[in-house]
Every structure is written in C-alpha cells, then in structure tokens.
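Student: Predicted model and sequence below, questions to follow.
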Amino acid sequence: MTGTDYDDTNDLDASELNILGTPVEDDPQACLSARISVADVLTLGNAASGFMAIYFLACSVMAARGGDVGVSAERSMAAAVVLMLVGALCDLCDGMVARKLRMSSLGAQLDNLADVITFGVAPAFFVVTWAAVPMNTGQAPAAVLVALSVLIGGVLRLARFATTPGRPGVFQGMPIPMAAMTVVSIVLLDLPFTPAAVLIVAVSGLMVSRIEYPKPQGNLAIVVMAGIGLSMSCLIAWAADAPGSEWMLNMGATTQVTLALLVPAMAMARKGVERIGLRMIR
C-alpha cells in the first residue's frame, strides 16, 4: 500500500490556473465542458474511482452475508482497494499534468471534492465494512465512530490545504491519500479491533497535525508511482489466491503503516533532541 497528497497546484501562480494560460473567467458564458482541462479529466477519474470503490465495498458486505453479487467478498474488497489506488494515481498525475499543460479554474475545487470521495468517504466506509461482516457485528457502533474520525480528519485536512499556504516542498499534516492507504492497510492486517482502532484514530489525528511530510516531486514521485503499481499487483494476486499472496499483502500493508508513522516518529525524536540540547545550553 502507498499514498500521499499528490496535487500540488497551490504552487502555481494566477496565470497558470487556466488551460494553456487562457483566462476562462473572461468568458462566463463558456460551456462547462470547454472549461475542463486534461488535468480535470484525471481528477474526475479520481472521483469515479472513489465511487466505484464504495460500490465494491458494499458488494463485499453483501457477499459476506450470503448475497449473490457475482463476486466473492475477498475479490470485492480487493477491487475496492485497487480502485482507491487508481484514484491515488489519478491524483498524482493530475498535479503533474496541471504543471505541464495548465489547469482550469475548476481544478482546485474539483481536486478537493474528488479527494473527499476517494480518500475520505471510501476509507471511512472501508472501516465500517470491516466491522459489518458477521464475526465483527458487535463492534459496528465503535467502528462507526472510528470511521467518522477518518472522514472528519480528512475533510479538515483538505480544508486547511485549500485555505492555508504551506512551505514549499512539504505538506503540513499527513496527506489524505497517504492516510487513506494507511487506514486500509491497518484493516487488511486484520489486527484485533482495539489496537487497529487506536492506530486508525492516530492516523486521523496525524492528518490535522502540524507534522511536515515531503511532497512527491521528481524521483520521489516516480517511487510513489512504482509503489502504487506494486500494491495493485499484490492485491490482485491476493484476490486470485496466488501462492505467497497473503505474505505479500501483509508485507505491503506493514510497510505502508511503518512509512506513514516513521515521519511523526522522526519529528518527535528531533524535538526531543532539540529539547535536550536546550537544557544542556542552559
């Protein structure tokens, strides 16, 4: 599993916020389709992927409870996670395309709305789905509260990203795509409910924290794309019950959770060292 907050259009200046530099605001009568750029099409792909992920999560619940949906619960869940990863890939690419080909005036708003669906609602529903299968039915009320923390943390994270200028090269708080993939990874690890819930709520808190995460640019963006592809391969192998796929899935999920928590751990360690240094100076 992998993920990070890919769209970096806040770094563009005003003249770059239009398709090929053409100010679409000068023509208020222009039809909506004429105001949509290539980057916006990718953003809409992100939103569509999020909706389809929710659809397959619903199918997995029905399949787990004996409903005939034409696909197993395991394959439906794998399809949902793959679609969230597709959304993450679209989110990565739309920022890159916007910087190359310019973006429309709708771009920033479309991106936030799409992210709410794919990285807010879908992972929150994933948590609820986890608790909705027969063996975990008694944990459903608590799981709903945990899921709400994911959704609210994500919405607040996106609102801050849209309204508060950040430092170049970093995001303040865990990026919402990374948080979504971390939440999904925690669920896929099939931990006992209480430690899993604590970890998920911690991830929600990290989204609204002031801890800085690096933006995926240049070589880091290529590494992120490779990680997404590897995660998709592991999920498809798991759904197909391929030999060793369970081990690969657990290894990928563990790596995602470790990477997501490594940045705040390093930040806290750095603060601890700074405090010790200040005490020694005094």
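Tutor: Nice, thanks for sending it over.
Student: Hmm, A239 is touching A73, no?
Tutor: No: taking contacts as CB atoms under 8 Å, A239 lies outside contact range of A73: 10.5 Å. The C-beta positions use only the backbone N, C-alpha and C, and glycine is treated the same way.
Student: for the stretch 1-150 of the chain, what are the low-confidence residue spans?
Tutor: Within the stretch 1-150 of the chain, the ranges that satisfy pLDDT under 70 run 1-34, 69, 102-104, 132-138.
Student: Where do the helices of it begin and end?
Tutor: Assigned by DSSP state H, counting those that start in this stretch, the helices in the stretch 1-150 of the chain fall at 38-64, 73-101, 107-115, 122-132, 140-163.
Student: now the fourth one against helix 38-64, angle please.
Tutor: Between the direction of helix 122-132 and that of helix 38-64, the angle (axes from the mean of the first three to the mean of the last three CA atoms, to 10 degrees) works out to 0 degrees.
Student: Give me the residues contacting helix 122-132.
Tutor: 50, 53-54, 57-58, 60-61, 64, 77, 80-81, 84, 87, 136-137, 139-140, 142-144, 146-148, 150-151, 154, 179-180, 183-184, 187, 193, 200 (CB atoms under 8 Å, 6 or more residues apart in numbering).
Student: Apply 6 Å and report the result again.
Tutor: Contact partners of helix 122-132, identified using CB atoms under 6 Å, 6 or more residues apart in numbering, comprise 50, 53-54, 57, 61, 84, 139-140, 143, 146-147, 150-151, 180, 183-184, 187.
Student: Now which of these would you call buried?
Tutor: 50, 53-54, 57, 61, 84, 139, 143, 146-147, 150-151, 180, 183-184, 187 (16 or more other CB atoms under 10 Å).
Student: Out of these, name the two that are farthest from one another.
Tutor: G50 and Q139 (24.9 Å; CB to CB).
Student: burial count for D94?
Tutor: 28 (other CB atoms under 10 Å).
Student: From M52, how far out is it?
Tutor: Going from D94 to M52 by CB to CB, to the nearest Å gives 18 Å.
Student: again, but for F161
Tutor: Taking CB to CB as the measure, F161 falls 24 Å from M52.
Student: between these two, which one's more packed in?
Tutor: Ranked by neighbour count (other CB under 10 Å), F161 and M52 place F161 first, with 23 against 19.
Student: for that one, what are its contacts?
Tutor: Per CB under 6 Å, 6+ apart, neighbours of F161: none.
Student: Dihedrals phi and psi, G173?
Tutor: Main-chain torsions, G173, degrees, to the nearest 10: phi 90, psi 160.
Student: was I right about it contacting S204?
Tutor: No: here G173 does not reach S204: they are 10.6 Å apart, not a contact under CB atoms under 6 Å.
Student: which of the buried ones among the contacts of helix 122-132 lies closest to A39?
Tutor: G50 (17.2 Å).
Student: Who's the closest spatial neighbour of that closest one, skipping the chain neighbours?
Tutor: T118 (3.0 Å; CB to CB, 6 or more residues apart in numbering).
Student: That neighbour touches L44, doesn't it?
Tutor: No: taking contacts as CB under 6 Å, T118 lies outside contact range of L44: 11.2 Å.
Student: who's more crowded, those two?
Tutor: T118 (31 against 16).
Student: The more buried one and V144, how far apart?
Tutor: Counting by CB to CB - T118 and V144 are separated by 20 Å.
Student: before we move on, what about R210?
Tutor: Distance from R210 to V144, by CB to CB: 28 Å.
Student: Verify the contact between I117 and A47 for me.
Tutor: Yes: counting by CB under 6 Å, I117 touches A47, with 5.2 Å between them.
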